[in-house]
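Participant: What follows is a predicted protein model with its sequence.
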Amino acid sequence: MVEAVPAGAHRQSLWSDAWQRLQRSRAAILAASLLLLVCALALVGPWLSAYTVAQVDWTQATLATPPSFANGHWFGTDANGRDLFVRVWIGTRMSLLVAVLATIVSVVIGVAWGATAGYLGGRADGWMMRFVDVLYALPYMFFVIILTVVFGRSLVLIFLAIGAVGWLTMARIVRGQALALRQREFVEAAIALGLSPATIIARHVVPNLLGTVIVYATLTVPQVILFESFLSFLGLGVQEPLTSLGRLVAEGALEMESSPWLLLVPSAVLALVLLCLNFLGDGLRDALDPRQRR
Amino acid sequence: MTAEPMLRVRDLGVNFATSQGEVQAVSGVSFDVRAGECLAVVGESGSGKTQVLMGCLGLLAANGMARGSALFAGRELIGATERALNQVRGTGIGLLSQDPLSSLTPHLRIETLLIEGLVDRGLATRAEARERALQALAEVDIPEPAARLRQYPHELSGGMRQRVALAAALMCAPRLLFADEPTTALDVSVQARVLELLAGVRDRGLGVLIITHDLGVVAGLADRVAVMYAGRIVETATTDELFSAPRHPYTRALLAAVPRLQGDAQARLVGIAGDPPQPSARPPGCAFAPRCERAVAACGESRPELTQCAGRSQVGASDDEASLSLAARGVPITAVACHRPLRAAAEIV
């Protein structure tokens, strides 16, 4: 039989427990620190430079100048003579913004849909998940392209389009978990107490699957960044003079032979962000579910 | 105590649709629970005793179907809508389940678990509900209730958790308590404490329906006992009557299988030979016949109905007060479903 913790003793909640385990994972902490640094640069980076995002530096001998500390273009300038340092951080800002907002959209819709389907079970579950299957079957690249063509290109539309596509997998994962939780005795106890299904889902079911949701969300963020980059690469994403990492990579790829830094710098930042998010996601998964640790 | 039963179950059946076809887990179960009375349903695993409770509360698994009738305070529970059931669950009938470790939601504080039933229904404000919760914890002997409210279930010991679960089941002031093997997962010393608390609940005038396979629990707590075998009630009697004069061979075999403190320490424990029949392949006659020492050909052919017989107190063989008072109110003392019951009461005299 388990010994009772004395009433006044220090209480350790699930979250503080997970936080302690996360701190023990060196890779996750390093990833989180680097990510914070990138976020900070994305926020304040553009002000560190003397140039602005759309400003063309006519004083240089050529438009695309290589990186140099002497002239203040730390990452060089692009083919139009604009400062790459400023543009990279503006692009990072935009990519992260799209990623975070789209992930939030997909988490909210996915969790609500999946938890409801899994908890209700039976016929309701069947219909709700068939709807997800149908959406899955649509080639989502076409879906997004049609959306942007019909409604014109706007930032909000990109968030919505990516989020609307991203929630499907989240709903499936959450539904599976909710289906298992529904069989647990504490859910039965909650039903026997006469609580409404909405209360049971919100209070007894969803908090129990937040661990999975957080982990999957951190793994969704890089997917969304890549997807946005892909859209931008196709010319469907963020519009000039704003930019995103994907756009910068696309433009850099055009000048790859004459000015390699235009490709290398944004690619390095993109790779760093994605790598950090994946490491952080792995660390969170281990921290929130110690049973899965190797 | 009123003679009018609080819960009146008639001909309750529970079926499950499985890949092997329809399986009858429970059939033809009838019993009454009155206010201030404790009815124990006894039977081995798989005899369908838990499904009786689940059927009454509408908590059957998705492939389960309940038939028959279960009237609680004049309301029909079988086939009732979720909305109607939710008016009975918690406020009318409280449920105390078997495993206190898994019946309390792990990430919620004790306070939330206790007050949610009241607050969500708008029966009390948070502050009022908190007061009630403190009182409820004190009633189940939880020390330092105010500090316990802020703790999580995993910080409590097993016995304490079961007492918290009992407090939670009683928070909305139900009139009937269903206890599904409430002591199975607990230490013996803690079991005794939980049983005392349940006896206290009954003495406060609540009806208690307890499911158990522990005859010790029955002897100490129950006023009446229903013995289930293979989804049917085979014998029902007052506790005194059942222990002193079991009628059904299965009941007698169960009682004989209880280890005893007195007597020969070297004596082998008596078991019941064979296994209970699979729910999908029950014999056409008496389900116990294949394992029964007294079985004759007729036992395998037709199923015996539950028939009343005269109790020992009714024929003057016993002056058990509880039995006499029940008999005076017209409650049957004993009934058995067997073609060849053990000695009838008249023979005992």
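Facilitator: In hand now; what should we look at?
Participant: who's in contact with the one residue sitting closest to the centre of chain A?
Facilitator: With distances taken as CA atoms, centre = their mean, residue A:221 lies nearest the centre of chain A, 1.7 Å away. The contact partners of residue A:221, by CB atoms under 8 Å, 6 or more residues apart in numbering or on different chains, come to A:99, A:100, A:103, A:277. Glycine gets a C-beta too; all of them are placed from N, C-alpha and C.
Participant: Helix or strand: which one has residue B:25?
Facilitator: Using DSSP states H and E, residue B:25 maps to strand B:21-33.
Participant: Tell me the buried residues in that strand?
Facilitator: Judged by neighbour count using 16 or more other CB atoms under 10 Å in any protein chain shown, the buried positions of strand B:21-33 are B:23, B:24, B:25, B:26, B:27, B:28, B:29, B:30, B:31, B:32, B:33.
Participant: cool, stretch A:24-43 as well?
Facilitator: For stretch A:24-43, using 16+ other CB under 10 Å, the buried residues are A:25, A:28, A:31, A:32, A:34, A:35, A:38, A:41, A:42.
Participant: gap between the nearest residue to residue B:119 once chain neighbours are set aside and residue B:149?
Facilitator: In space, and not counting its chain neighbours, residue B:119 is closest to residue B:129: 5.2 Å by CB to CB, 6 or more residues apart in numbering or on different chains. Note on residue B:129: its distance to residue B:149, by CB to CB, to the nearest Å, is 11 Å.
Participant: Now residue 27: closest residue in space that isn't a chain neighbour?
Facilitator: Chain wasn't specified; assuming chain A. residue A:279 (5.0 Å).
Participant: Let me rephrase: I mean chain B.
Facilitator: residue B:13 is the one closest to residue B:27 (CB to CB, 6+ apart), at 4.4 Å.
Participant: helix/strand/coil for the one you found?
Facilitator: Taking DSSP: H, G, I helix; E, B strand; the rest coil as the rule, one finds residue B:13 in the strand state.
Participant: Backbone dihedrals for residue B:76, both of them.
Facilitator: The phi/psi pair for residue B:76 (degrees, to the nearest 10) reads phi -80, psi 130.
Participant: average pLDDT across the helix or strand where residue B:119 lies?
Facilitator: Residue B:119 is located in helix B:110-120, with elements delineated by DSSP H and E. The pLDDT scores in helix B:110-120 average 89.
Participant: Outside of that helix itself, which residues are in contact with it?
Facilitator: A:193-196, A:199, A:203, B:90-91, B:104-105, B:123-126, B:128-130, B:132-133, B:136-137, B:148-153, B:156, B:164, B:167-168, B:171-172.
Participant: Now with 7 Å, please.
Facilitator: Helix B:110-120 has contacts (CB atoms under 7 Å, 6 or more residues apart in numbering or on different chains) with A:193-195, A:199, B:90, B:104-105, B:124, B:126, B:129-130, B:132-133, B:136, B:148-151, B:164, B:167-168, B:171-172.
Participant: what does stretch A:184-199 give?
Facilitator: A:119, A:181, A:200, A:204-205, B:57, B:59, B:86, B:89-91, B:95, B:97, B:99, B:102-105, B:116-117, B:120.
Participant: what's the answer for stretch B:331-339, then?
Facilitator: By CB under 7 Å, 6+ apart, stretch B:331-339 touches B:232, B:234-238, B:241, B:247-249, B:286, B:298-299, B:304-309, B:311, B:313-314, B:323, B:326-327.
Participant: Can you give me the distance of the residue lying closest to residue B:274 once chain neighbours are set aside to chain A?
Facilitator: Once flanking residues are discounted, residue B:274 sits nearest to residue B:291: 4.2 Å by CB to CB, 6+ apart. For residue B:291, the distance to chain A (CB to the nearest CB, to the nearest Å) stands at 32 Å.
Participant: List the buried residues in the longest helix seen in chain A.
Facilitator: The longest helix of chain A (DSSP state H) is helix A:84-120. Of the residues in helix A:84-120, A:84-103, A:105-107, A:109-120 count as buried by neighbour count, 16+ other CB under 10 Å.
Participant: following it, which helix or strand comes up?
Facilitator: Helix A:84-120 is succeeded, C-terminally, by helix A:122-137 (DSSP H and E).
Participant: average model confidence for that next one?
Facilitator: 89.
Participant: now it and helix A:84-120, what's the angle there?
Facilitator: With axes from the mean of the first three to the mean of the last three CA atoms, to 10 degrees defining the directions, helix A:122-137 sits at 150 degrees from helix A:84-120.
Participant: Contacts only, for residue 243.
Facilitator: Just going to use chain A. A:87, A:90, A:91, A:94.
Participant: other chain: chain B
Facilitator: Taking CB under 7 Å, 6+ apart, one finds B:219, B:255 in contact with residue B:243.
Participant: show me where pLDDT drops low in the chain?
Facilitator: Answering for chain A, as no chain was given. A:1-14, A:50, A:57-58, A:60-64, A:68-70, A:72, A:79, A:289-294 (pLDDT under 70).
Participant: try again with chain B
Facilitator: Ranges of chain B meeting pLDDT under 70: B:1-3, B:312-320, B:322, B:327-330, B:343-349.
Participant: Residue B:179 - that's part of a strand, no?
Facilitator: Yes: Residue B:179 forms part of a strand when assessed by three-state DSSP.
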